[in-house]
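Participant: here is a sequence together with a model predicted from it:
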Number of protein chains: 2
Amino acid sequence: MRVEIWTDINCPFCYIGKARFEQALDAFPHKAEVEVVHRSFELDPTVKKDFTGLVVPHIAEKYGISEAQAAANEKGLGQQAGALGLPYLTEGRDYGNSFDLHRLLHLAHERGLQDAMIDALYRGNFAEDASVFADEEHVVKLAVDAGLDETEVRGVLADPEAYADAVRADEQEAAALGATGVPFFVLDRKFGVSGAQPAEVFTQALTQAWSARSPLTAIETAQSADGDVCGPDGCAVPQA
Amino acid sequence: MRVEIWTDINCPFCYIGKARFEQALDAFPHKAEVEVVHRSFELDPTVKKDFTGLVVPHIAEKYGISEAQAAANEKGLGQQAGALGLPYLTEGRDYGNSFDLHRLLHLAHERGLQDAMIDALYRGNFAEDASVFADEEHVVKLAVDAGLDETEVRGVLADPEAYADAVRADEQEAAALGATGVPFFVLDRKFGVSGAQPAEVFTQALTQAWSARSPLTAIETAQSADGDVCGPDGCAVPQA
């Protein structure tokens, strides 16, 4: 079974939602047969590369609320994260353009290190002072901590086209699947879960998707009755 | 939409089936939104590494038919291939252990070159005299022709564990999906097509899977009513 999770490093509910999903997955009897893939979704692709701004005043302005209220929201997020054992700095978090981080997550996927890399980027963004949006050395260090090769990481960061198409393809798929926000969980392309739901909802989704997992619907037509197939005993070549 | 094709390089119907599938895909209006992944299936994992045997006597013995009949079968396959514009040497084809070739196909997938690599391996096996099972230099040349890095290819061939787990995982998934032979086509993990079917069957499968593609079934529970989600306009943090 395959779970795809659209996320953005800017998104606190993605950080929290991943931990809740993993609570459900850890207790899921078929965990070993579940493949998890993280996919790219930029919350705000219009933010300039290398820009960094503080989240609290940004949120206050966006919603027309006071900075005190926005700061209280961050504290609330910090409490939700803390309840899951996730570190969260409730003051001073910044936001920025995540395109390069998504490109690195695609590199990490190819190296079998995507889960370690996304955890490192979340930690770097939500629990460390240095910016992941405006401090390339911080990002490189997080990637190396996750097991990636430093030269390769720097190579991808230096080449703006590396994995750029993969990021865009993920974003197009998200739109096609109807995702307007993240985290967005898709199970076997059959079931969708939107948001950082409680673990019980993910348990239900995993269970439901597991039941629906098989059998495949066989495409059958008049022509397909005797498909040409090779099996362990050889190929079913019609004998003259 | 995602199409996974389980195949073996030993399998003439996989070679032929791929071309028929591509006829359908080329004419499919949503081709640009279809991702194709090739997955591993060994027709005979018991064959020793580096072994090479001729297909015709092997088939004759396996089915208890004459070598003349087995040779005629190869000619029949050559005609089916030829009808699709695929080169096929109808005499002297060999068989062998394909595990290393599958490992290379996983490397190629990571490099975005899997389609080129599988085409190269099919051509190498079905249309060239040198063996892909017992002639490593032939395989390296095919891989380099497909765009892979020679040093990396030799590195994977020299390390028997490189991508070995990925090959085994594919094979376990094939079994879980009910595949007993190849080619086996799976569309969005919802629809299955077994065998080198006529292009029309693939057209039907693509069309049917495309219609079934969305919407996802939303997992909804009492708890999930107000999922915590971040969107382009910010995160829906409950306001006190």
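Facilitator: Alright, I've got the coordinates.

Participant: list the residues that contact the spatially most central residue of chain A.
Facilitator: With distances taken as C-alpha atoms, centre = their mean, A:His38 lies nearest the centre of chain A, 3.4 Å away. Residues near A:His38 by C-beta atoms under 8 Å, 6 or more residues apart in numbering or on different chains: A:Glu4, A:Ile5, A:Trp6, A:Thr7, A:Leu105, A:His109, A:Gln114, A:Asp115, A:Ile118. C-beta here means a position set from N, CA and C on the backbone, and glycine is covered the same way.

Participant: likewise for A:Val47?
Facilitator: A:Tyr95, A:Gly96, A:Asn97 are the contacts of A:Val47 under C-beta under 8 Å, 6+ apart.

Participant: would you verify that A:Lys62 is located in a helix?
Facilitator: Yes. Counting by DSSP: H, G, I helix; E, B strand; the rest coil, A:Lys62 is part of a helix.

Participant: next, count neighbours for it.
Facilitator: Close neighbours of A:Lys62, defined as other C-beta atoms under 10 Å in any protein chain shown, add up to 11.

Participant: can you tell me the closest non-neighbouring residue to it?
Facilitator: B:Gly234 (5.4 Å; C-beta to C-beta, 6 or more residues apart in numbering or on different chains).

Participant: what sits against that neighbour?
Facilitator: If you count contacts by C-beta under 8 Å, 6+ apart, B:Gly234 has them with A:Ile59, A:Lys62, A:Tyr63.

Participant: re earlier: what's the closest of the contacts of A:Val47 to chain B?
Facilitator: Chain B has its nearest neighbour among the contacts of A:Val47 in A:Tyr95, at 9.9 Å by C-beta to the nearest C-beta.

Participant: make sure the residue nearest to the centre of chain A is indeed in a strand.
Facilitator: Yes. A:His38: assigned to a strand according to three-state DSSP.

Participant: just the pLDDT for it.
Facilitator: pLDDT for A:His38: 97.

Participant: so what's A:Thr217 bridging to?
Facilitator: Beta bridges link A:Thr217 to B:Phe191, judged by DSSP bridges.

Participant: that one contacts B:Asp188, doesn't it?
Facilitator: No. In this structure, A:Thr217 is not within contact of B:Asp188 by C-beta atoms under 8 Å, at 10.5 Å.

Participant: compare those two (neighbour count), which wins?
Facilitator: Shown here are A:Thr217 and B:Asp188; by other C-beta under 10 Å, B:Asp188 has more neighbours (19 against 13).

Participant: mind listing what the more buried one touches?
Facilitator: A:Asp188, A:Arg189, A:Lys190, B:Met1, B:Arg2, B:Ala209, B:Ala212, B:Arg213.

Participant: which one is the fourth one nearest to, not counting chain neighbours?
Facilitator: Put plainly, it is B:Met1. In space, B:Met1 is closest to B:Val34, 5.0 Å off (C-beta to C-beta, 6+ apart).

Participant: the one you found: what's it in contact with?
Facilitator: B:Met1, B:Arg2, B:Val3, B:Leu25, B:Phe28, B:Leu206.

Participant: helix, strand or coil for A:Val193?
Facilitator: A:Val193 falls in the strand class when you classify it by three-state DSSP.

Participant: spit out the contact partners of it.
Facilitator: Shown in contact with A:Val193 (C-beta under 8 Å, 6+ apart): A:Phe184, A:Phe185, A:Leu187, A:Val201, A:Phe202, A:Ala205, B:Ala218, B:Ile219, B:Ser224, B:Gly227.

Participant: and for A:Val182?
Facilitator: A:Trp6, A:Thr7, A:Asp8, A:Cys11, A:Phe13, A:Cys14, A:Phe41, A:Leu43, B:Val229, B:Cys230, B:Gly231.

Participant: out of these, flag the one nearest to A:Ala146.
Facilitator: Nearest to A:Ala146 among the contacts of A:Val182: A:Thr7, at 15.5 Å, using C-beta to C-beta.

Participant: and that closest one, how many neighbours?
Facilitator: 28.

Participant: the helices in chain A, which residues?
Facilitator: For chain A, the helices defined by DSSP state H occupy A:12-26, A:55-63, A:67-83, A:99-110, A:114-126, A:136-145, A:150-158, A:164-176, A:199-211.

Participant: what is the burial count for A:Trp202?
Facilitator: Let me fix one detail, which is that residue A:202 is Phe and not Trp. Look at A:Phe202: counted by other C-beta under 10 Å, it has 26 neighbours.

Participant: from what I can see it touches A:Lys18, true?
Facilitator: No. With contact defined as C-beta under 8 Å, A:Phe202 does not count as touching A:Lys18 (10.3 Å).

Participant: so in chain A, where's the weakest helix or strand by average pLDDT?
Facilitator: Every helix and strand in chain A was compared by mean pLDDT, DSSP states H and E; the lowest is strand A:234-235, with a mean of 77.

Participant: neighbouring strands - and their directions - for that one?
Facilitator: strand A:230-231 (antiparallel).

Participant: hmm, back to that, would TSV of the contacts of B:Asp188 with distance to B:Glu173 and pLDDT be doable?
Facilitator: Converted to TSV, those look like this (distance: C-beta to C-beta, whole Å; pLDDT from 0 to 100):
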residue	distance to B:Glu173	pLDDT
A:Asp188	12	88
A:Arg189	15	86
A:Lys190	16	86
B:Met1	18	88
B:Arg2	13	91
B:Ala209	18	92
B:Ala212	20	82
B:Arg213	20	75
